[in-house]
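Engineer: please find the sequence and the predicted model below.
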Amino acid sequence: MSDIDNEIEQLIEPNLRKRLYVAFSYPVAPIDEIVPYIPEHLRYMMEFEDRIFLSGPFITEGKLVGEGMTVLLADSEEQAAQFMRNEPFIRRGLRRFEIKLWELREGTLTLKTKLSQTRFDIVK
């Protein structure tokens, strides 16, 4: 192993290195065909929220439907793909998806909770 390989290995050794499956989804149908199914999509995502680490759309101001990203808590790529195949937009052929294995290594996450108000804020 080269000196640079050793240095890289030492630098990433303490990283979290949590592996997650990230699903990117893309519309393949016109917006007017997708919009009627938004409530069904939202209900699905809320029902199975325990299988989701993070999820949401990429935002373009003034545009209701676009690309999205869902970071899944899955044991395998097949399990992640099955979750996405059952998602209403995809099941109806209105969106397509691709899955990538992602290793979480760096970052900061601080949450401020108000338990009496059932809310939290992500602190910047």
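Structural biologist: In hand now; what should we look at? Residues are numbered from 1 along each chain as shown.

Engineer: please name the spatially closest residue to Glu87 (chain neighbours excluded).
Structural biologist: Among residues not flanking Glu87 along the chain, Tyr44 sits closest, at 6.0 Å (CB to CB, 6 or more residues apart in numbering). Yep, even glycine has a C-beta here, placed from its N, CA and C like the rest.

Engineer: just checking, that neighbour is part of a strand?
Structural biologist: No - counting by DSSP: H, G, I helix; E, B strand; the rest coil, one finds Tyr44 to be helix, located in no strand.

Engineer: from the centroid of this structure, which residue is nearest?
Structural biologist: Thr70 (1.8 Å; CA atoms, centre = their mean).

Engineer: show the pLDDT at the residue nearest to Glu87.
Structural biologist: pLDDT for Tyr44: 97.

Engineer: one step back: am I right that the residue nearest to the centre of the chain falls within a strand?
Structural biologist: Yes - counting by three-state DSSP, Thr70 falls inside a strand.
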